[in-house]
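Trainee: Prediction below, plus the sequence it came from.
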Amino acid sequence: MSQVTIVPTLSRRTEWGRLFWVCVGFVAAVAITALTVQWIAPHDWSAQSLVDSGQGPSSSHWLGTDALGRDIFSRLLAGTRTGLIGPLVIAIGAGVLGTALGLWTGYAGGRVDGLVMRSIDLVYAVPPLLVAIVLVGLFGGGYWLAVVVLIFLSAPGDVRVVRAAVMAQRELPYVAAARTVGVSPFSIASKHVLPNVTPTVTANVLLQFVVGLIALSGLAFLGLGVEPGSPDWGLMIAENRTVLDLNVWAVAGPAICITLLALAVTVIGDRMFEVLTDRTAAR
Amino acid sequence: MSDLLLDVDGLDISVEDRLLVRAVGLQLRAGESVGLVGESGSGKSLTARALVSLLPPGLSARGSIRFNGESIDPNARSSGHRGRSIALLMQDPFTMLNPMMTAGDHIAETLRSAGRTEGSIDTEVARRLAEVGITDRAVAHRYPFELSGGMSQRVALAAALANDPALLVADEPSTALDATTQHEVLELLRSIQRQRGMGLVLITHDLRLAFSVCDRVLVMYAGSIAETASSSAMRDAPLHPYTAGLLESMPSVEHYQSDLGGMPGSVPATSTVLDRCAFADRCAHRQDSCTDGAPPLVEVTAGRWSSCIRSHELGRTLAAVEPDDERPEPAAAADAILTVTDLRKTYRAKGGDHVALGGVSFSLAAGEAVGIVGESGSGKTTIARCILGLTTPSAGRIDLGGIDVTDRSALGGAQRRDATQRLQCVFQDPYSTLNPMHTVGYTLREALAHRARRVDDRDAAVASLLQRVGLASELASRRPAALSGGQRQRVAIARALAMDPAVLLCDEPVAALDVSVQAQVLALLRTLHRGQGTSLLFITHDLGVVRQVTDRIVVLYRGEIVEQGPTDVVLDAPQHEYTQRLVASMPRIGAGEPQG
């Protein structure tokens, strides 16, 4: 029995595919832009010039200007910062919180599970965006406040998804085998179960990024969240509605940016789930 | 050759450019039954699927399949002959039937597609159910989840037969069933096949079963045919060393074998052995010429074909000898290391309590091997879970060498660790018993870390554990996906041994393994028991396996012990009616002559 036989599989190994790499490239470009925007933006994105207000695309302003004469293209580039960082913090924050709780309740079961899950049902029962609007409005707005509120409102979703994945793993013999050897529940959950639910956790974090992006943009559109005047895609849509007839790009530009980023991250999450599931599959 | 019902010639099945099945030929006359026997990876199921044009996506077949003189395209996506004159019966009766359709609906569906008028369907459904031994008319209105496994398989058979097919292809139709039910379903299949004069292709991994049901048997190995002969001829004198090896590897129900057989290694992938005898690496009779090109299937004597180039000379030596070996004296009576007293477990279920264990008492002496035998629902796995502390019994007492382990959560840390050191377990499914994300080395090191006696050099300890179970130490860096089923089960045994347990509980440790690999693992367990004095508590449904490994058995039926005693005594002269039924239902090599 010294030689290792490779078990022949009928299905081909799942490949990443070209679309995945296109999306990764797009997200990478957005990230690079966010880091380097102060050097690569053609204009100062907050410089106002009332003479140039509400212009259409031209050679000096590629996507035209807004009502205050600010360069739309530069503002779109600068918008990558709030477009990435907030959703990222929400996704990771909710992911860590949700995965930890999901692992705990899913593995422990019983009373712990009942208590946590009923509290989560309670959070679920209220519409998250409404709560966010009320809370952010109550405490006087602010981007980071919105981010923190959204972390707590998104985490229950992660808890549910991770808990379900953990409960499926809990019944497998390798968990019983680890218990029989005397491995502690904490080690079983973190070292045995967690690696096996990574595809779910990864896909879920990316999905939460998208949900966070749209929620933050929505709040900004309503005037909650980012400071007035900052270059944020959601806020730009709200501010530039008045010049829609003069420069359609002032609204279409940020809208397209939000859509493309959301789509790209969704595709990445989808593919990662499929490929990771395929690669962690036992046989 | 116009009297042939089915004529397959030169059938190749490949995925992309990798060959999975090579040059399979199969002839079947009307009313004849043929068994297609092989281990996993032999290509038997793919061959059967090609016959009904149901190959999995991505696979393609070449070669000729003629049914009643008409050519069948195995790659066709449309149903063609399938359903109308060729029917397929699949393995798992629980997933084969649509859970949203009643038993009667399944049969009526096929009847309708055959053009029966609506008015005649009800009586026809009842007649068809009666044919498969279901006389209770209410069954037609039940859903699959309301039926037992055997009942579901009967309904599936009735649905498959509703079109009066000329050929039935049955893919492991009884594997998922309990021994006694398995026996009934096979008897039924055989009698219907004979009554109807229908052709039958039976796919199975169990050579004994094929002998008892089929007229002729084809043995497949690594995608090609190793040997084909009539059942009786092959049983008496196999021509191919692989067939002989399979026969030897099967643990006998009737007597103790001091040598469990078992071929070294495991089945290779077809595409890696195209230019040589696929079996050469595992063969005891190998010569240099065996690897000079693929040996053709040649007719050795009338009606007997073999692809072994040494068939002529080996013929005599391979004949199955049935040694009636003396069982070595069991170790002198020692103190009980595990005592189970009046163990009860009740699960709360809808509509009343479900009693899984209704007061079970037995004991295991140090150095003894005790078998717990029972079918599904007998409570044997519940016993294992209670003893392991994975579930807490409702009542009773479990004593493990002086520690009361009935309720593990009530034990202190030190006692709990003590219990863990004394008792370890090998679980059933080698595919999920190891964490797919961790290497073999990680799994073993983790177990060693929990051993009471400290291990200084864990890597050396891992290597020595692997060596004890017959694996190369390089495997420590591999993940389970790169290992075969037998290798994984050896790793699982090594993990249990890491604790140096006094008692090794084995819950169906070989049920999911191929016959040749099963023999290897059984031999390993026997060595651990005999050589190192580990007590075995061996849970299984397979009487052949208990005969070989245990000294004493406990027969469990519906949560209660119906019989217990020395293994040979209980199996040779069963006293309880249930034990008698169980023993009688085992397919055996000596008995079970096909009745003409």
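Mentor: Noted; the coordinates are in hand.
Trainee: number of nearby residues for the residue in the stretch 251-400 of chain B that chain A sits nearest to?
Mentor: Using CB to the nearest CB, residue B:269 is the residue of the stretch 251-400 of chain B that sits closest to chain A, at 4.7 Å. Heads up, the C-betas are built off the backbone N, CA and C, glycines and all. For residue B:269, the neighbour count with other CB atoms under 10 Å in any protein chain shown is 17.
Trainee: Then residue B:164?
Mentor: Quick note: residue B:164 (other CB under 10 Å) scores 11 neighbours.
Trainee: what comes up buried for stretch A:21-39?
Mentor: For stretch A:21-39, a neighbour-count test (16 or more other CB atoms under 10 Å in any protein chain shown) marks A:23, A:24, A:26, A:27, A:30, A:33, A:34, A:37 as buried.
Trainee: pLDDT, distance to residue B:439 and secondary structure for those - can I get that in CSV?
Mentor: Formatted as CSV, the buried residues of stretch A:21-39 follow (pLDDT from 0 to 100; distance: CB to CB, whole Å; DSSP: H, G, I helix; E, B strand; the rest coil):
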residue, pLDDT, distance to residue B:439, secondary structure
A:23, 96, 32, helix
A:24, 96, 29, helix
A:26, 96, 36, helix
A:27, 96, 33, helix
A:30, 96, 37, helix
A:33, 95, 41, helix
A:34, 94, 39, helix
A:37, 91, 45, helix
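Trainee: could those residues be laid out in TSV, adding distance to chain B?
Mentor: Putting the buried residues of stretch A:21-39 into TSV (distance: CB to the nearest CB, whole Å) gives the following:
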residue	distance to chain B
A:23	27
A:24	24
A:26	31
A:27	27
A:30	32
A:33	36
A:34	34
A:37	40
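Trainee: Make a markdown table out of those residues and add distance to residue B:12.
Mentor: Below are those laid out as a markdown table (distance: CB to CB, whole Å):
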| residue | distance to residue B:12 |
| --- | --- |
| A:23 | 40 |
| A:24 | 41 |
| A:26 | 45 |
| A:27 | 46 |
| A:30 | 51 |
| A:33 | 55 |
| A:34 | 56 |
| A:37 | 61 |
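Trainee: any idea how far the residue of the stretch 251-400 of chain B closest to chain A lies from residue B:39?
Mentor: Per CB to CB, to the nearest Å, residue B:269 is found 13 Å from residue B:39.
Trainee: just for the stretch 51-200 of chain A, where's the confidence low?
Mentor: Scanning the stretch 51-200 of chain A for pLDDT under 70 picks out nothing.
Trainee: got the residues of it near chain B?
Mentor: The stretch 51-200 of chain A has residues A:172-174, A:176-183, A:191-192, A:195-196 near chain B, with proximity defined as CB under 8 Å from any CB of the partner chain.
Trainee: Buried only: go through those residues for me.
Mentor: A:172-174, A:176-183, A:191-192, A:196.
Trainee: Show only the entries of the residues you listed found in strands.
Mentor: Within those, no residue falls in strands by DSSP state E.
Trainee: what two of these have the greatest distance between them?
Mentor: The distance between the two most remote of those (CB to CB) is 20.2 Å, for A:182 and A:196.
Trainee: what ranges do the helices span in the stretch 101-250 of chain A?
Mentor: A:110-125, A:128-138, A:143-170, A:173-181, A:185-187, A:194-221, A:233-239, A:249-280 (DSSP state H, counting those that start in this stretch).
Trainee: What is the burial count for the spatially closest residue to residue A:206 that is not a sequence neighbour?
Mentor: Excluding the flanking residues, the one nearest residue A:206 by CB to CB, 6 or more residues apart in numbering or on different chains is residue A:269, at 3.2 Å. Residues within reach of residue A:269, counting by other CB under 10 Å, total 21.
Trainee: could you measure residue A:269 against chain B, distance?
Mentor: Taking CB to the nearest CB, to the nearest Å as the measure, residue A:269 falls 20 Å from chain B.
Trainee: Next: residue A:138.
Mentor: Counting by CB to the nearest CB, the gap from residue A:138 to chain B is 45 Å.
Trainee: Surely residue B:23 and residue B:12 touch.
Mentor: Yes. The criterion here is CB atoms under 8 Å, and residue B:23 meets it with residue B:12 at 6.5 Å.
Trainee: anything in contact with each of these two?
Mentor: Shared contacts of residue B:23 and residue B:12 (CB atoms under 8 Å, 6 or more residues apart in numbering or on different chains): residue B:63.
Trainee: re earlier: can you tell me which of the helices of the stretch 101-250 of chain A is nearest to residue A:46?
Mentor: helix A:233-239 (12.3 Å).
Trainee: Dump that closest one to PDB, keeping only the CA atoms.
Mentor: The C-alpha trace of helix A:233-239 is given here as PDB (Å, rounded to 0.1, in the frame of the first residue of the first chain):
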ATOM      1  CA  TRP A 233     -21.000  58.100  -5.600                       C
ATOM      2  CA  GLY A 234     -24.300  57.900  -3.700                       C
ATOM      3  CA  LEU A 235     -24.100  61.500  -2.600                       C
ATOM      4  CA  MET A 236     -23.200  62.600  -6.200                       C
ATOM      5  CA  ILE A 237     -26.400  61.100  -7.600                       C
ATOM      6  CA  ALA A 238     -28.400  63.100  -5.000                       C
ATOM      7  CA  GLU A 239     -26.500  66.400  -5.600                       C
END
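Trainee: Residue B:257: neighbouring residues, count only.
Mentor: 21.
Trainee: what helix or strand is it on?
Mentor: Taking DSSP states H and E as the definition, one finds residue B:257 inside no helix or strand.
Trainee: neighbours around the residue nearest to it when sequence neighbours are not counted, how many?
Mentor: Leaving out its chain neighbours, the residue that sits closest to residue B:257 by CB to CB, 6+ apart is residue B:325, at 5.8 Å. Per other CB under 10 Å, the neighbour tally for residue B:325 reads 11.
Trainee: again with residue A:99
Mentor: 25.
Trainee: residues touching it, list them.
Mentor: By CB under 8 Å, 6+ apart, residue A:99 lies in contact with A:158, A:162, A:194, A:201.
Trainee: Just the buried ones from those?
Mentor: Here, 16+ other CB under 10 Å leaves A:158, A:162, A:194, A:201 buried among the contacts of residue A:99.
Trainee: where does the closest residue in space to residue A:52 that isn't next to it in sequence fall, phi/psi-wise?
Mentor: Leaving out its chain neighbours, the residue that sits closest to residue A:52 by CB to CB, 6+ apart is residue A:69, at 4.2 Å. Note on residue A:69: its backbone torsions stand at phi 80, psi 20 [degrees, to the nearest 10].
Trainee: in terms of contact, does residue A:69 touch residue A:45 like I think?
Mentor: No. With contacts counted by CB under 8 Å, residue A:69 stays clear of residue A:45, the gap being 11.7 Å.
Trainee: who has more neighbours, the two?
Mentor: residue A:45 (20 against 16).
Trainee: how about the residues of the stretch 151-300 of chain B near chain A?
Mentor: Proximity of the stretch 151-300 of chain B to chain A (CB under 8 Å from any CB) is limited to residues B:264, B:265, B:266, B:267, B:268, B:269, B:270, B:271.
Trainee: The closest residue to the second one other than its chain neighbours: how many residues sit nearby?
Mentor: Nearest non-adjacent residue to residue B:265, counting by CB to CB, 6+ apart: residue B:282, 4.8 Å away. Counted by other CB under 10 Å, the residues lying close to residue B:282 total 19.
Trainee: Please list all residues in contact with the residue nearest to residue B:257.
Mentor: Going by CB under 8 Å, 6+ apart, residue B:325 touches B:255, B:256, B:257, B:258, B:259.
Trainee: Give me the buried subset of those residues.
Mentor: Buried among these by 16+ other CB under 10 Å: B:255, B:256, B:257.
Trainee: And the residue nearest to residue B:257, how far from residue B:568?
Mentor: From residue B:325 across to residue B:568, the span is 11 Å (CB to CB).
Trainee: Tell me the residues that contact both of these two, please.
Mentor: In contact with both residue B:325 and residue B:568: residue B:256, using CB under 8 Å, 6+ apart.
Trainee: what's the farthest-apart pair in the contacts of residue A:99?
Mentor: Greatest spacing in the contacts of residue A:99, by CB to CB: A:158 and A:194 (13.4 Å).
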